[in-house]
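S.K.: Mind looking at a prediction? Sequence and model below.
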Amino acid sequence: MFNRIIINNILGINNKVELNFIAGPKKKEKKETVIEIEPNINVNKVIGIIGPNASGKSSIIHSLLELRIFLAQYQIVETAKEKKDEKMLKYMSNRFLPERNLENLNEDSEITLEMYIPNGEIPGYYTYSLIYNNDRLNEKLFYRKKYKSKKQQLIEDFNTDTKRSDIGYKCFYKDSIIKDYETVGKQLVNKFNETIKYYNTFYQYYLGDSIYQIGVNDVDYINMQETIEFIKKNEDVIVKLLKIVDPKITGVSFENDEDGDEIIKFRTNKNVKLNIWDISTGTRRILQLVITIIKTIKNNGVMLCDEIETALHKELVQLIIQLYLKNSNYSQLIFTTHDPEILDKSEMRNEQKYYLNNSNEKVQIKKISEINSRSDYSFSKNYYTDKRFMPQPNKEEINKFCNYIMEKKINYEKCDKKEN
């Protein structure tokens, strides 16, 4: 679980923003919205982020995904070499670090994550820090056993002029490193074997089956093999889900297509069989999300979801949120949205709802509880009228633009290239 996230000067965020997910004391109402990670220490299970376009919402989600690519660079490159995937190799030759904000290339970029990791060889509290510019990179990893421990154990402090993760390198090539150390002496091997437990706990949690990111561009992405395997093992779950989303679907079956590949068929109440691309975009979206969510919850993981309402009715978004609120695992949902009603209907506390804006060329983020302390404060009713919020665009801007288009003579003719 994420306890705190700091992002500075990355993608669309040009300054330092901080999100703190440590919750206040448990209350009688909405007590299922937090999980106790140790006595009197609670973490928010669900976090919603809202704000106008270009406010930095997607940058928060994508920064965390880009960090996964940075940590997994050796694994990705070696897999691409084995598969002779030239496209991926070309992509990875230019892209390791999360992209820096282009307006502030003279300043450092930073991602700092405080996490409670309940799984792995050494569970506990990990703080990962990555600070970099165009010339230098500093990667740090700290560990503490208890949340309130004042003393932290420094596991990693790596400085380099290359765009690589030392943690990723050590975790991926650990067997080769141990062989090299064996030529030096047993003491060095023993020391490495102790520290690699911390590296592996963090690395496996962040890159394994614990953290997923689903965004707007993934609406039509389906991992067919994973979907088929899940449905075969949990057909009753999927049928119940599909009946909620699309009542005409009554069951599923599996067949082979013309190429001999196994495919899913969705059976309707009129006994018509539909391919996965014949069902609605929203049905595919919720199917993909629920399969991923169940896996994430099982692994005490985190789901990062950009624009959660994409292709979904508001009530289906509530279904997703409720899956996290009703489970007692150390799992977490962090999502962005443009719809204030989704936040109000979600049974979330106002301290779990964040408002993000980009005014005066600086990204600012506040909890709704900081804007109004009343627990019954209706965010959706005030979002379009309270001057503290900046929903985009406003009615006046829309009218001005439409009038401008109506008055302007738009040239639709193609530009012909001038010949020399």
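M.R.: Nice, thanks for sending it over.
S.K.: can you give me the end-to-end distance of stretch 297-309?
M.R.: 20 Å (C-alpha to C-alpha, to the nearest Å).
S.K.: Equivalent analysis for stretch 149-168, please.
M.R.: End-to-end distance for stretch 149-168: 27 Å, by C-alpha to C-alpha.
S.K.: which stretches of the stretch 201-350 of the chain form helices?
M.R.: Ranges of helices within the stretch 201-350 of the chain are 224-233, 235-245, 281-298, 314-326, 340-345, based on DSSP state H, counting those that start in this stretch.
S.K.: Which strands or helices does the longest one pack on?
M.R.: Taking 3 or more C-beta pairs under 8 Å, 6 or more residues apart in numbering; DSSP states H and E as contact, the helices and strands that helix 281-298 lies on are strand 211-214, helix 224-233, helix 235-245, strand 302-305, helix 314-326. All C-beta atoms are positioned from the backbone trio N, CA, C, and that covers glycine.
S.K.: buried sites along it?
M.R.: Neighbour counts over helix 281-298 (16 or more other C-beta atoms under 10 Å) mark 282-293, 295-297 as buried.
S.K.: Adding distance to Y384 and mean pLDDT, write the helices of the stretch 201-350 of the chain out as TSV.
M.R.: Putting those into TSV (distance: least, C-beta to C-beta, whole Å; pLDDT from 0 to 100) gives the following:
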stretch	distance to Y384	mean pLDDT
helix 224-233	39	89
helix 235-245	29	91
helix 281-298	25	89
helix 314-326	17	92
helix 340-345	8	90
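S.K.: Of all the ones you listed, which one is nearest E262?
M.R.: Among these, helix 224-233 comes nearest to E262, with 6.0 Å by C-beta to C-beta.
S.K.: got the angle for the closest one vs helix 235-245?
M.R.: With axes from the mean of the first three to the mean of the last three C-alpha atoms, to 10 degrees defining the directions, helix 224-233 sits at 100 degrees from helix 235-245.
S.K.: ok so I155 is a strand residue?
M.R.: Yes: using DSSP: H, G, I helix; E, B strand; the rest coil, the assignment for I155 is a strand.
S.K.: one step back: now the helices of the stretch 201-350 of the chain in TSV, with distance to I122?
M.R.: Formatted as TSV, these follow (distance: least, C-beta to C-beta, whole Å):
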stretch	distance to I122
helix 224-233	29
helix 235-245	33
helix 281-298	21
helix 314-326	26
helix 340-345	36
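S.K.: Compare these and give me the one nearest N269.
M.R.: helix 235-245 (10.0 Å).
S.K.: Flag every buried residue along stretch 156-175.
M.R.: Those would be 156, 158, 164-172, 174, for stretch 156-175 by 16+ other C-beta under 10 Å.
S.K.: should've said stretch 266-280
M.R.: Across stretch 266-280, burial judged by 16+ other C-beta under 10 Å covers 266-268, 274, 276, 279.
S.K.: That one: end-to-end distance?
M.R.: Using C-alpha to C-alpha, the two ends of stretch 266-280 sit 12 Å apart.
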